[in-house]
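A.B. asks: Give the three-dimensional model of this entry:
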Amino acid sequence: MSDVQAPPSTSTPAGGADMRSRVERLLTDILGMMGFPARLDFKDASDGSLSVALHFQGEPPPGVEPGKRSQVVDSLQFLLNKMLHRPGTERRFLLVGAGVHPEPRSERLKREQATAAAQPAAPAPQPAPPAAAPAPRQQQPKPARGAQAAAQHAKAPAAPARASESDERSLEVAEDASLREVARKLAEKSASLGRFYALVTVKQDDRARVLKAVEGVPGVKVSCEGEGRNRRVVFTPEKPAPLPKRSMLPEDDDEDDLEG
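C.D. replies: Residues are numbered from 1 along each chain as shown. Model (predicted):
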């Protein structure tokens, strides 16, 4: 169910009503399949783009916080702009925010420039006074080559140990029946269709549960890649299949679709 606010003026921007209905239908379907339904609040942004705020009807998806950008929100915005902007159609950018309307990129750049201009300029560095000539050092006898190497080795600080990425397979976690079923189905789908899949914004314990759940599924390799918030579970089929040409997205500026 969505709550669509009407624009304050009686005139509607080009493609506004039709675009709102398409975005409402697409977002409702996508969020419903994700299991996170939300109320949609539309607004015409100051730069001519269409803004929509997602008010989730319960707990938001993992990694999503109201008023902040996240991989989930950025992915939704990117996907919707790709689906809406086909070759030969009028382009109107769509902004997606969690709980609030995101600030348009043009307005954000103006605010950052104004803030930078308001800051006082840093004073010019003063030239350093000339350094006094060092006193002559007395020549010390050089130690033998072997003794010198041993002394340098003793003085050299020990190299810090490199932090190794945690191995989810070594974690002991309780089994989750529903997660196990979903993970095995996704692994079987990756093997049968030859498609690559990835699970993002998944906690470490759940990544460990997924790895244990897919053990023994033939035709697919499942592993964890990345670091920090970008760490994800990757499903790699043994026999990848090429995408059909009709399903390929049109060439476009991907960066514009991600940033508002």
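
A.B. asks: Low-confidence stretches in the stretch 1-150 of the chain?
C.D. replies: Residue ranges of the stretch 1-150 of the chain with pLDDT under 70: 1-16, 121-125, 131-136, 138-150.

A.B. asks: Outside of the top helix by length along the chain itself, list whatever touches it.
C.D. replies: Among the segments of the chain that qualify as a helix by DSSP state H, the longest is helix 16-34. Contacts of helix 16-34 with the rest of the structure, by CB atoms under 8 Å, 6 or more residues apart in numbering, involve 2, 4, 7, 37-38, 40, 42, 44, 50, 52, 54, 61, 76, 79-80, 83-84, 92, 94. Just so you know, the C-beta spots here come from the backbone N, C-alpha and C atoms, and that holds for glycine as well.

A.B. asks: Show me where the stretch 151-260 of the chain has its strands.
C.D. replies: 197-199, 220-225, 232-237 (DSSP state E, counting those that start in this stretch).

A.B. asks: Run the angle between the helix or strand that the longest helix of the chain is followed by and helix 16-34 for me.
C.D. replies: Along the chain past helix 16-34, the next helix or strand (assigned with DSSP states H and E) turns out to be strand 38-44. Per axes from the mean of the first three to the mean of the last three CA atoms, to 10 degrees, the angle that strand 38-44 makes with helix 16-34 is 160 degrees.

A.B. asks: Give me the residues contacting stretch 229-245.
C.D. replies: Contact partners of stretch 229-245, identified using CB under 8 Å, 6+ apart, comprise 63, 71, 186-187, 190-191, 193-202, 204, 207, 210-211, 214, 219-226.

A.B. asks: Only the buried subset of these, as a PyMOL command please.
C.D. replies: Typed into PyMOL, the line below selects the buried ones among these, using 16 or more other CB atoms under 10 Å:
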select buried, resi 71+186+187+190+191+194+195+197+199+200+201+202+207+210+211+214+220+222+224
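
A.B. asks: Convert the C-alpha atoms of the longest helix of the chain to CSV, please.
C.D. replies: Coordinates of the C-alpha atoms in helix 16-34 are reproduced here as CSV (Å, rounded to 0.1, in the frame of the first residue of the first chain):
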residue,chain,number,x,y,z
GLY,A,16,5.1,13.1,-14.0
ALA,A,17,1.9,11.2,-13.5
ASP,A,18,2.8,8.3,-15.8
MET,A,19,6.3,8.0,-14.2
ARG,A,20,4.8,8.1,-10.6
SER,A,21,2.4,5.3,-11.4
ARG,A,22,5.2,3.2,-13.0
VAL,A,23,7.6,3.8,-10.1
GLU,A,24,4.8,3.0,-7.6
ARG,A,25,4.0,-0.3,-9.3
LEU,A,26,7.7,-1.3,-9.7
LEU,A,27,8.7,-0.4,-6.2
THR,A,28,5.7,-2.1,-4.6
ASP,A,29,6.4,-5.3,-6.5
ILE,A,30,10.2,-5.2,-5.7
LEU,A,31,9.8,-4.4,-2.0
GLY,A,32,7.0,-7.0,-1.7
MET,A,33,9.2,-9.7,-3.2
MET,A,34,12.0,-8.6,-0.8
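
A.B. asks: and that helix, how far out from the chain's middle?
C.D. replies: With CA atoms, centre = their mean, to the nearest Å as the basis, helix 16-34 stands 22 Å off its chain's centre.

A.B. asks: Report the buried residues of it.
C.D. replies: Judged by neighbour count using 16+ other CB under 10 Å, the buried positions of helix 16-34 are 19-20, 23, 26-27, 31.
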